[in-house]
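Participant: Only the shape, not the letters, is given here:
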Ligand code: CP
Ligand code: NVA
């Protein structure tokens with residue numbers, strides 16, 4: 001089997017067909033969990049998880065997925081030292097690639113992943129950077145397709161920060177014919193350069209008023225207003241995003257829409273408890289799909 005991509009720095013590494021291949025395999029493995037455990041296509045393979053920021057879902061789902069495929073993970077958390085401080089990133093990449101079959105990396109600065117990928121002879125996978133979160137988007141796309149039966153023509157209203165999660169979701173949707181309306185205050189929207197870089201720039205639109213953005217949407221999606229690494233801006237962001245909370249009043253304007261959030265949630269800020277537990281919420285199914293989507297990705301990249 002030839003790998004679908006060398007690295008996964010952003011979803012741009014995957015063609016629309018490659019992206020569909022990941023989602024199809026994710027569905028198949030989810031439906032038949034014994035098959036890949038018995039086949040163990042990654043038996044003897046070892047991935048290193050280099051995480052500069054905390055994680056629950058990403059770490060657990062990569063480690064569990066790798067184990068199910070017969071492989072193993074070694075976790076190098078923030079306590080192992082900040083990447084690029086003890087030695088240059090290029091030395092980290094060159095040496096780690098001698099021991100490992102993949103580097104799965106969560107970093108403060110996106111450029112760190114690019115630098116590691118430039119110098120690693122084995123695949124580098126972006127497990128979140130300030131710029132993007134492609135593995136989250138894989139699970140998001142799988143969830144949308146699973147729940148709605150399609151991605152083509154699906155309308156996502158992303159209410160909140162135009163951040164790493166929003167950018168990766170927009171990139172994924174743009175490859176598969178979906179649409180994303182971002183509802184964010186000024187200063188927290190997509191850059192022109194980002195929109196231009198999309199497979200289909202026309203799939204993204206802006207609607208400052210969240211009530212208008214969610215009306216007619218198939219999916220209402222939100223994420224934290226203050227991402228990891230932005231803690232010093234928290235107060236400014238709380239003020240800027242007032243009025244952008246996803247709560248039952250907002251969801252009442254989109255009664256048929258499904259509600260998504262990548263988690264962790266800052267309950268009471270971007271989303272309320274009641275919204276997370278509303279019947280239209282698919283948030284925990286979405287979290288489960290991190291395992292299925294990434295296990296499929298690992299199978300296709302490393303198998
Ligand atoms: N959604 C997500 O990436 O969660 P973690 O930060 O817990 O990995
Ligand atoms: N935007 C969030 C996503 C966490 C999974 C962050 O970067 O902290």
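Facilitator: Yep, it's here. Keep in mind that this is a model prediction, so the values were computed, not measured. Numbering: from 1, shown residues only. Ligands and ions are numbered 1, 2, ... in the order given.

Participant: so what's residue 112 up against?
Facilitator: Applying CB atoms under 8 Å, 6 or more residues apart in numbering to residue 112 gives the contacts 52, 83-84, 89, 105, 129. Every residue, glycine included, has its C-beta placed from N, CA and C.

Participant: any idea which element it lies in?
Facilitator: helix 110-119 (DSSP states H and E).

Participant: And residue 249, by the same measure?
Facilitator: Applying DSSP H and E, one finds residue 249 within helix 248-251.

Participant: One more: residue 104?
Facilitator: Element membership for residue 104, per DSSP H and E: strand 102-106.

Participant: How about the residues of the stretch 51-200 of the chain by ligand 1?
Facilitator: Neighbours of ligand 1 within the stretch 51-200 of the chain, by CB under 6 Å from any ligand atom: 55-58, 128, 136.

Participant: ok, 8 Å please
Facilitator: By CB under 8 Å from any ligand atom, the residues of the stretch 51-200 of the chain that approach ligand 1 are 53-61, 106, 127-128, 133, 135-136, 165.

Participant: now those residues: which count as buried?
Facilitator: 53, 55, 57-59, 61, 106, 127-128, 133, 135-136, 165 (16 or more other CB atoms under 10 Å).

Participant: just checking: which of those also lie near ligand 2?
Facilitator: Among those, ligand 2 is touched by 53, 55, 57-58, 128, 133, 136, 165 when using CB under 8 Å from any ligand atom.

Participant: Show me where this protein has its helices.
Facilitator: 16-31, 33-39, 57-68, 89-99, 110-119, 134-148, 164-176, 192-196, 210-214, 234-240, 248-251, 273-276, 283-302 (DSSP state H).

Participant: Tabulate the ones next to ligand 2 among the buried ones among the residues of the stretch 51-200 of the chain next to ligand 1 (CSV), appending distance to residue 214 and pLDDT.
Facilitator: Converted to CSV, those look like this (distance: CB to CB, whole Å; pLDDT from 0 to 100):
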residue, distance to residue 214, pLDDT
53, 30, 95
55, 29, 96
57, 25, 98
58, 28, 98
128, 26, 98
133, 22, 98
136, 21, 98
165, 17, 98
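
Participant: Can you give me the neighbour number for the closest residue in space to residue 20 that isn't next to it in sequence?
Facilitator: Nearest in space to residue 20, with sequence neighbours left out and distances taken as CB to CB, 6 or more residues apart in numbering, is residue 176 at 7.3 Å. Residues within reach of residue 176, counting by other CB atoms under 10 Å, total 20.

Participant: Give me every residue in the stretch 51-200 of the chain lying close to ligand 2.
Facilitator: Proximity of the stretch 51-200 of the chain to ligand 2, by CB under 8 Å from any ligand atom, involves residues 53, 55, 57-58, 128, 130, 133, 136, 161, 163-165.

Participant: can you put those residues in a markdown table and add distance to residue 46?
Facilitator: Formatted as a markdown table, those follow (distance: CB to CB, whole Å):
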| residue | distance to residue 46 |
| --- | --- |
| 53 | 22 |
| 55 | 19 |
| 57 | 21 |
| 58 | 18 |
| 128 | 21 |
| 130 | 27 |
| 133 | 24 |
| 136 | 24 |
| 161 | 35 |
| 163 | 32 |
| 164 | 27 |
| 165 | 28 |
